[in-house]
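K.L.:
Can you look at this prediction? I've put the sequence above it.
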Amino acid sequence: MAKRKIIWSNRARVKLFEILKFYVDRSKSYSIKLYQTFNKEIKILIKHPDIGIQTDVEPIRGIIIDNYIFYYEYDNERIIVHTIWDCRQNPDELRIK
């Protein structure tokens, strides 16, 4: 079986950039550490895409990484990260797709 490819939606890329920018302005070392944590968990997700929690929206799953939830869906060839959600935000404002 071929390795799944990670596809980042525009929303997920923007969220990732905003999160890292927020922390780099305060602590560059923490921003780097958080980015490394995200990458480590994404590598696990590539091997075991079904570890995320099934959401109410089929076929979207969510994986908790630190204070964030990465919402994604997958098939045999790819994992699509739809958005990254900061769990400390108002859940009424969450849009996955």
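P.N.:
Looks like it arrived, so ask away. Numbers count the residues shown, from 1 in each chain.

K.L.:
could you say which helix or strand contains the residue sitting nearest the centre point of the chain?
P.N.:
Central residue of the chain (C-alpha atoms, centre = their mean): residue 70, 2.8 Å from the mean position. Assigned by DSSP states H and E, residue 70 falls within strand 68-74.

K.L.:
how far does stretch 19-33 sit from the chain's center?
P.N.:
Its chain's C-alpha centre and that of stretch 19-33 lie 17 Å apart, by C-alpha atoms, centre = their mean, to the nearest Å.

K.L.:
Pull out the buried positions in that stretch.
P.N.:
By neighbour count with 16 or more other C-beta atoms under 10 Å, stretch 19-33 contains the buried residues 19, 20, 23, 31. For the C-beta atoms, the positions are set from N, CA and C on the backbone; glycine is no exception.

K.L.:
mean confidence for that stretch?
P.N.:
Mean per-residue pLDDT for stretch 19-33: 93.

K.L.:
Next: stretch 90-97.
P.N.:
79.

K.L.:
mind exporting stretch 37-47 as PDB, just the C-alpha atoms?
P.N.:
The C-alpha trace of stretch 37-47 is given here as PDB (Å, rounded to 0.1, in the frame of the first residue of the first chain):
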ATOM      1  CA  THR A  37       4.400  18.300  17.600                       C
ATOM      2  CA  PHE A  38       1.900  18.800  14.800                       C
ATOM      3  CA  ASN A  39       4.300  17.100  12.300                       C
ATOM      4  CA  LYS A  40       4.900  14.200  14.600                       C
ATOM      5  CA  GLU A  41       1.100  13.600  15.000                       C
ATOM      6  CA  ILE A  42       0.500  14.000  11.300                       C
ATOM      7  CA  LYS A  43       3.100  11.300  10.600                       C
ATOM      8  CA  ILE A  44       1.200   9.000  13.000                       C
ATOM      9  CA  LEU A  45      -2.100   9.900  11.300                       C
ATOM     10  CA  ILE A  46      -0.600   8.900   7.900                       C
ATOM     11  CA  LYS A  47       0.000   5.400   9.200                       C
END
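
K.L.:
which other residues reach that stretch?
P.N.:
Defining contact as C-beta atoms under 8 Å, 6 or more residues apart in numbering, one finds that stretch 37-47 is touched by 3-4, 6, 16, 51-52, 63, 65-66, 68, 70, 72, 79.
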